[in-house]
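Visitor: Okay, sequence plus prediction incoming.
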Amino acid sequence: MKKQFLLALILVSSAFAAFANGSDENDGAPASAKDGKMGGVLVFARSGDSVGLDPARETDGESFYASHQIFDTLVEFKTGTTEIVPALADKWEVSKDGLNYKFFLRKGVKFHDGTPFNAEAVVFSFMRQLDENHPYYEYGPWKYWGYMDMSAIVDTITAVNEYTVEFKLKKVEAPFIANLAMDFAAIVSPTAYKANPEGFASKPVGTGPFKFVSWTKDSDIVLEKNKDYWQPVYLDRLILKVIPDATARWLALQKGEADIIDFPAADDLPAMDKDDNIQLIQQPGLNVGYLALNNEKKPYDDKRVRQAMNYAINRDEIIKAVYGSAGQPAKNPIPPTMWSYNDDIKPYPYDPAKAKALLAEAGYPNGFETEIWAMPVARPYNPDARKIAEIMQAQLAKVNIKVEIISYEWGTYLDKTDTGEHQAAMLGWTGDNGDPDNFLFVLLSIPAAEKPAGNIAFWRNEAFNSLIVEAKETTDAAKRTQLYRKAQEIFHEEAPWVTIAHSVVTVPARTAVKNFKISPTGLRVFKQVWIEK
């Protein structure tokens with residue numbers, strides 16, 4: 001069980017119990033860094049660019065890599081963990097019935113534009129997503145808010161006074177506190193937003209550890225230290241540089257043109273490990289990569305065809321060719337490191353004969369033609385989507401399924417899959433808050449199939465949906481586990497995805513980079529990182 005879920009249990013069972021754990025620790029920084037003597041410029045080389053920098057509008061990791069540095073949330077995950085600690089709210093209270101949440105805000109915080117952070121800013125940041133009559137609601141879509149069906153959960157959000165905000169819920173939501181640590185819940189500057197609502201996503205203003213300086217599309221995003229931040233920040237400048245090719249990123253790291261890189265090629269890891277100037281920071285990923293089969297389009301409206309796809313694809317071959325030792329075949333929609341994972345489920349074996357039999361039964365004895373969409377960027381759950389698509393193409397040909405591989409620019413890819421233009425599309429997920437709800441509801445629920453969709457399989461199963469809704473509305477850990485295990489059984493039988501892999505996340509960095517920790521939620525957090533001189 002994840003720590004934040006334990007915290008949620010304590011919260012909901014407490015009669016307005018206050019929490020003020022304090023998160024202003026220096027996290028092991030040396031005395032010189034605490035004294036402000038450390039600084040410098042850190043270059044983080046990544047595979048793709050952000051889509052936008054308003055975190056309430058985006059869903060992709062590349063966007064969050066940048067926006068997470070610029071914005072804060074009411075609560076946050078302690079660096080390198082899923083433990084909830086105070087952030088812009090330094091304490092909170094929860095009613096005994098779990099329907100009232102009161103947050104007491106940190107005083108003295110300012111947005112990057114110099115305007116004060118207060119309760120009105122919190123209300124503004126959430127109400128633009130909740131209230132369809134809000135003057136800035138039209139500047140969505142507010143994708144995460146919709147995927148998570150937050151309008152069915154949150155009733156009202158009010159400023160009790162300048163530094164107190166109260167959320168009233170319509171129903172119990174077990175992961176609610178953890179949800180507020182997610183990027184969609186970031187607090188934006190109302191002044192900056194009102195001045196430029198259409199351009200805010202490209203010129204963001206938050207309270208975070210780094211201020212926005214510039215963005216050159218498909219090249220770099222430049223951020224500078226927020227000297228007034230409420231926690232120590234050591235780097236003077238942070239540059240997020242786009243280098244699409246994994247080998248080119250590795251070369252940039254070797255030459256000192258980058259300090260940290262994302263998604264190394266599996267073949268390059270042995271050389272990195274032998275380089276005395278390089279450190280390999282690794283952690284099992286809270287992720288899953290999958291091929292979503294669009295249930296709104298033939299032939300994937302037939303369960304037998306979806307099952308046939310699962311039998312026809314050899315995951316072991318994909319793991320060996322693309323992930324190497326950093327991956328393992330996936331059989332469930334949540335990773336094995338997550339509580340409630342149902343390990344009793346037997347994976348689909350590679351069985352082309354069974355696939356052919358199911359296709360014939362479904363009316364496709366001679367197979368069919370289909371598209372497989374491949375992501376244009378590397379992600380933690382999928383380091384090389386094009387290569388995986390080519391392997392699938394060859395495997396599916398053996399059961400007379402002819403595959404055309406299609407790809408688009410990253411933002412376009414996400415928009416088109418959100419609206420269901422694909423037949424079958426590769427995507428994946430890294431958990432945002434350590435709760436199964438963040439996978440099962442966000443990616444597979446009926447509400448999440450509304451366009452723009454998080455459920456890009458557009459699978460609408462009432463039995464599955466009932467189980468995951470019941471699970472999110474109870475705080476009994478054992479009951480939630482039981483419900484989620486049953487839901488995974490339905491998922492396996494109905495096969496809306498071909499689950500592909502879970503991966504180990506590896507972040508290569510120069511040895512001079514200190515105190516960088518991998519976040520289980522897939523974020524890259526730099527506010528407590530420094531460069532050793």
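Guide: Okay, I see it. Numbering: from 1, shown residues only.

Visitor: From here on, just use CA atoms for contacts and neighbour counts.
Guide: OK.

Visitor: Now do the buried residues in stretch 411-428.
Guide: Going by neighbour count (16 or more other CA atoms under 10 Å), the buried part of stretch 411-428 is 411, 413-414, 417-420, 422-428.

Visitor: For that stretch, which outside residues touch it?
Guide: 51, 287-294, 297-298, 300, 370-375, 381-382, 385, 407, 451-454, 456-458 (CA atoms under 8 Å, 6 or more residues apart in numbering).

Visitor: try stretch 138-147
Guide: Counting by CA under 8 Å, 6+ apart, 56-59, 129-130, 132, 151, 184, 197-198, 441-443, 447-450, 452-455 sit against stretch 138-147.

Visitor: Ends of stretch 154-167, what's the gap?
Guide: Terminal residues of stretch 154-167 lie 7 Å apart, using CA to CA, to the nearest Å.

Visitor: same question for that stretch, mean pLDDT?
Guide: When pLDDT is averaged over stretch 154-167, the result is 98.

Visitor: still on that earlier bit, among the buried residues of stretch 411-428, which lie within helices?
Guide: Among these, the ones falling in helices (DSSP state H) are G411, Y413, L414, T417, D418.

Visitor: pLDDT score for the first one?
Guide: This means G411. 94.

Visitor: now do the third one
Guide: In this prediction, L414 carries a pLDDT score of 96.

Visitor: In a markdown table: the ones in helices among the buried residues of stretch 411-428, plus distance to A178.
Guide: A markdown table is the format used below for these (distance: CA to CA, whole Å):
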| residue | distance to A178 |
| --- | --- |
| G411 | 27 |
| Y413 | 29 |
| L414 | 25 |
| T417 | 27 |
| D418 | 25 |
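
Visitor: Mind picking the one among these that's closest to I500?
Guide: Nearest to I500 among these is T417, at 18.1 Å by CA to CA.

Visitor: Could you check how far the closest one is from A378?
Guide: For T417 relative to A378 (CA to CA), the value is 17 Å.

Visitor: Likewise for E166?
Guide: E166 is 40 Å from A378, by CA to CA.

Visitor: now for the longest strand along the chain, which elements pack on it?
Guide: Identified as the longest strand of the chain according to DSSP state E is strand 497-510. Using 3 or more CA pairs under 8 Å, 6 or more residues apart in numbering; DSSP states H and E, the elements in contact with strand 497-510 are strand 260-261, strand 278-284, strand 287-293, helix 303-312, strand 327-329.

Visitor: so which of these gets nearest A271?
Guide: Distances from A271 to each of the helices and strands packed on strand 497-510 were compared using CA to CA; the minimum, 9.6 Å, belongs to strand 278-284.

Visitor: Please state the offset of the closest one from the chain centre?
Guide: Averaging C-alpha positions (CA atoms, centre = their mean, to the nearest Å) puts strand 278-284 20 Å from its chain's average.

Visitor: Give the buried residues for it.
Guide: I278, Q279, L280, Q283, P284.

Visitor: Could you list the paired strands of that strand along with their orientation?
Guide: Next to strand 278-284 in the sheet, as set by DSSP bridges, lie strand 497-510 (antiparallel).

Visitor: Show the average pLDDT along the partner strand.
Guide: pLDDT averaged over strand 497-510 gives 96.

Visitor: Output it as PDB, nothing but the C-alphas.
Guide: The C-alpha coordinates for strand 497-510 follow below in PDB (Å, rounded to 0.1, in the frame of the first residue of the first chain):
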ATOM      1  CA  TRP A 497      -5.600  -3.100 -24.600                       C
ATOM      2  CA  VAL A 498      -2.700  -5.200 -25.600                       C
ATOM      3  CA  THR A 499      -0.600  -4.600 -22.500                       C
ATOM      4  CA  ILE A 500       3.000  -4.400 -23.500                       C
ATOM      5  CA  ALA A 501       5.500  -3.600 -20.700                       C
ATOM      6  CA  HIS A 502       6.500  -2.100 -17.400                       C
ATOM      7  CA  SER A 503       9.900  -0.600 -17.300                       C
ATOM      8  CA  VAL A 504      12.700   0.300 -15.000                       C
ATOM      9  CA  VAL A 505      13.400   4.000 -15.300                       C
ATOM     10  CA  THR A 506      17.000   5.000 -15.800                       C
ATOM     11  CA  VAL A 507      18.300   8.500 -15.700                       C
ATOM     12  CA  PRO A 508      21.900   9.000 -16.700                       C
ATOM     13  CA  ALA A 509      23.600  12.000 -15.300                       C
ATOM     14  CA  ARG A 510      27.100  13.500 -14.900                       C
END
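
Visitor: Tell me which residues of that strand come out buried.
Guide: Neighbour counts over strand 497-510 (16+ other CA under 10 Å) mark 497-510 as buried.

Visitor: what do you get for stretch 45-63?
Guide: So for stretch 45-63, counting by 16+ other CA under 10 Å, buried means 45-63.

Visitor: Return the subset of these lying in helices.
Guide: Among the buried residues of stretch 45-63, the members found in helices (DSSP H) are G61, E62, S63.

Visitor: Spatially nearest residue to the second one, not counting backbone neighbours?
Guide: Counting by CA to CA, 6 or more residues apart in numbering, S50 is the residue found nearest to E62 once chain neighbours are left out, at 4.7 Å.

Visitor: Ok, the last one next?
Guide: Setting aside the residues directly before and after it, S63 is nearest to S50 in space (CA to CA, 6+ apart), at 4.0 Å.

Visitor: wait, the one you found sits on H68?
Guide: No: with contacts counted by CA atoms under 8 Å, S50 stays clear of H68, the gap being 11.6 Å.

Visitor: contacts for stretch 226-240?
Guide: Identification of contacts with stretch 226-240 by CA under 8 Å, 6+ apart yields 24-26, 33-34, 36, 38-46, 66, 109-110, 112, 207-211, 220-225, 527-531.

Visitor: Kindly report the same for stretch 444-453.
Guide: Contacts to stretch 444-453, defined as CA under 8 Å, 6+ apart, come from residues 141, 143, 146-149, 415, 417-420, 441-442, 454-462, 464-465, 468.

Visitor: Quick one, which of the residues you listed are buried?
Guide: Buried among the contacts of stretch 444-453 by 16+ other CA under 10 Å: 143, 146-149, 417-420, 441-442, 454-460, 464-465, 468.

Visitor: Return the subset of these lying in helices.
Guide: Judged by DSSP H, those include K143, G146, Y147, T417, D418, F441, V442, F464, N465, I468 as members of helices.

Visitor: can you pull the pLDDT of the fifth one?
Guide: Read that as D418. On pLDDT, D418 comes in at 96.

Visitor: picking that back up, closest to A357 out of the ones in helices among the buried residues of stretch 45-63?
Guide: G61 (39.4 Å).

Visitor: Can you tell me how far that closest one is from G48?
Guide: Where G48 is concerned, G61 sits at a distance of 10 Å (CA to CA).

Visitor: quick one: low-confidence ranges for this protein?
Guide: 1-37 (pLDDT under 70).

Visitor: cutoff 50 now
Guide: Within the chain, the ranges that satisfy pLDDT under 50 run 1-26, 31-32.

Visitor: what sits up against the longest helix along it?
Guide: Longest helix in the chain by number of residues, with DSSP H as the criterion: helix 477-494. With CA under 8 Å, 6+ apart as the contact definition, helix 477-494 has outside contacts at 303, 306-307, 331-333, 339-342, 345, 436, 463-464, 467-468, 470-472, 474.

Visitor: all helices of the stretch 151-300 of the chain, in order?
Guide: Taking DSSP state H, counting those that start in this stretch to define them, one finds helices in the stretch 151-300 of the chain at 176-179, 190-195, 246-254, 269-274.

Visitor: Can you tell me which helices and strands the longest one packs against?
Guide: The helices and strands touching helix 246-254, judged by 3+ CA pairs under 8 Å, 6+ apart, are strand 260-261.

Visitor: For the strand it packs on, give me every contacting residue.
Guide: Residues contacting strand 260-261 (CA under 8 Å, 6+ apart): 42-46, 249-250, 253, 507-510, 513.

Visitor: Turn those residues into TSV, columns for distance to F77.
Guide: Formatted as TSV, the contacts of strand 260-261 follow (distance: CA to CA, whole Å):
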residue	distance to F77
L42	22
V43	24
F44	21
A45	24
R46	23
R249	28
W250	29
L253	28
V507	19
P508	22
A509	22
R510	25
V513	21
